[in-house]
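Enquirer: with the input below, show me the fold.
(chains A and B)
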Amino acid sequence: MKMPMMGVINLIHEADEMASLTANRCLATVPFGGRYRLIDFVLSSMVNSGISRVAVFAHTKYRSLVDHLGSGSNWDLHRRPGGLFVLPPSLEDQTDYGKGDLYHFFRNRDTFARSPAEYVVISRSHMVCNVDFAKVLEQHRETGADITVVCKREPEGLPGLARKARVNEAGRIVEMQDHFGRLNTDVVSMEMYLLSRELLLDLVETSLAQGRDHFVRHAILSRLQQLNVHAYMHEGVLGVVNNIAAYYRHSMELLQPEVWRELFYRPGKIYTKVKDEPPTHYRTGANVSHSLVANGCDIEGTVTNSILFRGVKVGPGAIVRNSIVMQNGVIGPGGVLDNCILDKEVEISASQQLRGALDLPFLAVKRKVI
Amino acid sequence: MRTNECIAMLLAGGEGRRLGVLTKDLAKPAVPFGGKYRIIDFTLSNCAHSGIETVGVLTQYQPLVLTQHLGIGTPWGLDRREGGMHVLPPYVRQKGGTWYKGTANAIYQNIGFIERYDPEYVLIISGDHIYKMNYDLLLEAHKQNRADATIAVISVPWSEASRFGILSVDEDGRIAEFAEKPKKPASNLASMGVYMFSWQVLKDALVRDEAEKGSSNDFGKDIIPRLLEEGARMYSYRFEGYWKDVGTIDSLWESNMDLLEDRPQLELNDRNWRIFSASPNQPAQYIAPSARVQSALINEGCVVEGDVKRSVLFPGVRVGEGSVVEDSVLMPGAIVGKNARIVRAIVGEKAIVEDGCQVGMLDSEEIAVVGDGETVRAKIELQEVESA
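Expert: Numbering: from 1, shown residues only, chains lettered A, B, ... in the order given. The predicted structure is shown next:
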């Protein structure tokens, strides 16, 4: 049956403490997992769930986003009817940048008005997960909730910044607070809100008319008493990736085969922009273990407990340990990396040694030569 | 200005009989190669890089996998409003219709397609060869010589010359003689099966060849010798670089192994000449703590827990703990269990080698082949089945 739901990926004012990783790109396009960008996870989840109309609300630093998404063909979103719509902010003047997401939803309300979909799922870009939204919709219809929020139980807590929710026995969300709040609960919000298109348009217009422009804080949190807001408990892998500690930890978790398999294949495959890189070449002298290696790499040195993105070169005698090397990074002969995150196209000169602390990896900015 | 000065006709209907089980269900151009590609990707990528914007792909034998792979030509940038890639299978006319009887007949039957674009030149290539070549330089040479036809040639070892179509040329590169698989080769310049024709000359030759009773309607056997005989201006074009016909199990295996050299003759990692292919879009490969990988090409989606030496692993291959893969080619989705041994072998797509099994032998002359989707079961199990 045709999926009666459209997707929205909302990049407006995403919580971002990613330091230099987001100096020139938005959170959505931070490289992750050897070949992906953060937005790929929720975008692929939507597509795999049968959603064929997705609107991405871009906000700032979205050059890399437009480049990455293109026509949407890599996600099968270059289609009729529907497809991918990248919506840059429509501003009257610079001060509109400060306005909340509801303002931007309102300015683009044709996107919702024109969609034949009965439901909308609104999500952020920085949740590393693989979710079947068809199941969320199923529960949404069964419970008769006004809004269903995808959540996960995380008894150990998470390094990333995530909203917390208290859920009663009936599954209703009775309290929700921003990440710094004192609410004592093991439920974190994955910031995915499923609601009818009608209700969304109502919330947008009513809230804005009341002079309030923040979707979650104003439209939802202030109405937890009036609206029946339910939690849908996600069982799979989750990484809330919006600070460096979370980025490093959730990246390294991919080196566990169960996590790798679950995140990338279940329930559906995660897609990304393809690059036409050849297979990775392990030359004489290559010594690789416990690592995730994308294609197009060229390895003559040692790589352990690390993640290499596409097109990385590891020279003879070089050692890469507990590190993440993004696209086209070059580690010169005899170079040593310990606990480092290298942004794209960083070059480490021959015999150069770089060490970060285990809980505070060294972060090199894009295109730096060290 | 955008033009269809030169269009390409790509012969992709070959059965590849000598590839045995590997071409049971697919045409030779669709056989996987190099850890990522299918053989036809090389010629299509050459077209893309040479500025050829219209390509007719002639299919016939087992076209399902091939046409699925080709789609509308998107991976090669050939999904165009004008021109682009077109798959051309044999078809039925009002007065019957026939299969493509030979390479020349396949082009003859598609004269209508070619005429739609009204080209000056037609490039004839085949989807059976592995090489990177700029056809634009060939076209330039063809024009400079004011040739009727130009044949790309490569020097081959004298000992192998009798396996090829051999050309004798004068100082200017003009072809004096052409011999298909001669017993006593007069030269070591082999035809690469890459022909640039002036369209009017080719069209005329095709029409006359079709009328000829007893002709095998083949470029190498009929069209080229005939044109030479008639004194047409036929030139050779020397190609330097890697070129291989991967028509046999041995040559397919060998050319995969060629890629594993530390400085391979055919560099796949060439940013200026990417080989495009339909991407499987799988996650980065996982190399486990128990794995050892040396001199290998490994692609996305693979999980390696065992030893891989001098081997090529296509996307989605699994190699279990304690297993050894040596001098082998594992095609997409092949699964190797634990403590298995694969030596000097080609394992087909989605084939399974169960725990503890052995495929191939180190000192064997022959390359062992496991067909697509086949399962190699442990001997013990077989005995149990037999005794039961």
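Enquirer: every contact and neighbour count from this point should use C-alpha atoms.
Expert: Noted.
Enquirer: and residue 308, how many neighbours?
Expert: I went with chain A, as the question did not name one. 30 (other C-alpha atoms under 10 Å in any protein chain shown).
Enquirer: meant chain B actually
Expert: Neighbour tally, residue B:308, other C-alpha under 10 Å: 25.
Enquirer: just the element for it, please.
Expert: Per DSSP states H and E, residue B:308 falls inside strand B:307-313.
Enquirer: partner strands of that strand, with direction?
Expert: strand B:292-298 (parallel), strand B:324-326 (parallel), strand B:329-330 (parallel) (DSSP bridges).
Enquirer: now the element after it, going C-ward?
Expert: strand B:318-319.
Enquirer: partners of that following strand, with directions?
Expert: strand B:303-304 (parallel), strand B:335-336 (parallel).
Enquirer: for stretch B:239-252, buried residues please.
Expert: B:239, B:243, B:245-247, B:249-250, B:252 (16 or more other C-alpha atoms under 10 Å in any protein chain shown).
Enquirer: let's see which of those end up in strands.
Expert: B:243, B:245 (DSSP state E).
Enquirer: possible to save the strands paired with strand B:307-313 as a markdown table with distance to residue B:378, mean neighbour count and mean pLDDT?
Expert: Shown next, in a markdown table, are those (distance: least, C-alpha to C-alpha, whole Å; neighbours: other C-alpha atoms under 10 Å in any protein chain shown; pLDDT from 0 to 100):
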| stretch | distance to residue B:378 | mean neighbour count | mean pLDDT |
| --- | --- | --- | --- |
| strand B:292-298 | 24 | 26 | 97 |
| strand B:324-326 | 16 | 23 | 98 |
| strand B:329-330 | 19 | 31 | 98 |
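Enquirer: got JSON lines for those strands, with distance to residue B:31 too?
Expert: Compiled in JSON lines, the strands paired with strand B:307-313 are given as follows (distance: least, C-alpha to C-alpha, whole Å):
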{"stretch": "strand B:292-298", "distance to residue B:31": "17"}
{"stretch": "strand B:324-326", "distance to residue B:31": "21"}
{"stretch": "strand B:329-330", "distance to residue B:31": "12"}
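Enquirer: out of those strands, which gets nearest to residue B:318?
Expert: strand B:329-330 (9.3 Å; C-alpha to C-alpha).
Enquirer: please, where are all the strands along the stretch 151-300 of chain B?
Expert: B:165-169, B:175-180, B:189-198, B:234-238, B:243-245, B:285-287, B:292-298 (DSSP state E, counting those that start in this stretch).
Enquirer: sorry, back to before: take the strands paired with strand B:318-319 and write them to TSV, including mean pLDDT.
Expert: Listed next are these as TSV, based on pLDDT from 0 to 100:
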stretch	mean pLDDT
strand B:303-304	98
strand B:335-336	98
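Enquirer: quick check: buried residues in stretch B:68-88?
Expert: B:69-70, B:72-73, B:75-79, B:83-88.
Enquirer: ditto for stretch A:214-222
Expert: A:214-216, A:218-221.
Enquirer: now the end-to-end length of it.
Expert: Stretch A:214-222 has an end-to-end distance of 11 Å (C-alpha to C-alpha, to the nearest Å).
Enquirer: just stretch A:216-233 next, same as before
Expert: Using C-alpha to C-alpha, the end-to-end distance of stretch A:216-233 comes to 19 Å.
Enquirer: so what's the gap between that stretch and the chain middle?
Expert: 22 Å (C-alpha atoms, centre = their mean, to the nearest Å).
Enquirer: residues contacting the residue nearest the centre of chain B?
Expert: For chain B, the residue nearest the mean C-alpha position is residue B:128 (2.8 Å; C-alpha atoms, centre = their mean). Residue B:128 is in contact with B:12, B:14, B:28-29, B:39-40, B:245-247, counting by C-alpha atoms under 8 Å, 6 or more residues apart in numbering or on different chains.
Enquirer: helix, strand, or coil at residue B:116?
Expert: helix (DSSP: H, G, I helix; E, B strand; the rest coil).
Enquirer: what about it, distance to chain A?
Expert: 29 Å (C-alpha to the nearest C-alpha, to the nearest Å).
Enquirer: neighbours of residue A:3, how many?
Expert: Residues near residue A:3, counting by other C-alpha under 10 Å: 16.
Enquirer: per-residue confidence at the residue nearest to the centre of chain B?
Expert: Listed pLDDT for residue B:128 reads 93.
Enquirer: how about the contacts of residue B:128 in a markdown table, adding pLDDT?
Expert: Output for these, formatted as a markdown table (pLDDT from 0 to 100):
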| residue | pLDDT |
| --- | --- |
| B:12 | 96 |
| B:14 | 85 |
| B:28 | 95 |
| B:29 | 96 |
| B:39 | 97 |
| B:40 | 97 |
| B:245 | 91 |
| B:246 | 91 |
| B:247 | 89 |
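Enquirer: which of those are close to chain A?
Expert: When C-alpha under 8 Å from any C-alpha of the partner chain is applied, no member of those is adjacent to chain A.
Enquirer: dump those to CSV, plus distance to residue A:358.
Expert: Formatted as CSV, the contacts of residue B:128 follow (distance: C-alpha to C-alpha, whole Å):
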residue, distance to residue A:358
B:12, 55
B:14, 57
B:28, 51
B:29, 50
B:39, 46
B:40, 47
B:245, 52
B:246, 50
B:247, 53
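Enquirer: pull the CA atoms of stretch A:97-116 into PDB?
Expert: Extracted as PDB, the C-alpha positions of stretch A:97-116 are listed here (Å, rounded to 0.1, in the frame of the first residue of the first chain):
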ATOM      1  CA  TYR A  97      17.900  33.700  10.600                       C
ATOM      2  CA  GLY A  98      17.200  34.000  14.300                       C
ATOM      3  CA  LYS A  99      13.600  33.000  13.900                       C
ATOM      4  CA  GLY A 100      12.500  29.500  14.900                       C
ATOM      5  CA  ASP A 101      11.600  26.600  12.700                       C
ATOM      6  CA  LEU A 102       7.900  27.200  12.900                       C
ATOM      7  CA  TYR A 103       8.500  30.500  11.000                       C
ATOM      8  CA  HIS A 104      10.300  28.600   8.300                       C
ATOM      9  CA  PHE A 105       7.600  25.900   8.200                       C
ATOM     10  CA  PHE A 106       5.100  28.700   7.800                       C
ATOM     11  CA  ARG A 107       7.000  30.300   4.900                       C
ATOM     12  CA  ASN A 108       7.100  26.900   3.200                       C
ATOM     13  CA  ARG A 109       3.600  25.800   4.100                       C
ATOM     14  CA  ASP A 110       2.900  25.000   0.400                       C
ATOM     15  CA  THR A 111       5.300  22.100   0.800                       C
ATOM     16  CA  PHE A 112       2.800  20.600   3.300                       C
ATOM     17  CA  ALA A 113      -0.300  22.000   1.700                       C
ATOM     18  CA  ARG A 114       0.500  20.500  -1.700                       C
ATOM     19  CA  SER A 115       1.500  17.100  -0.300                       C
ATOM     20  CA  PRO A 116      -1.200  14.400  -0.700                       C
END
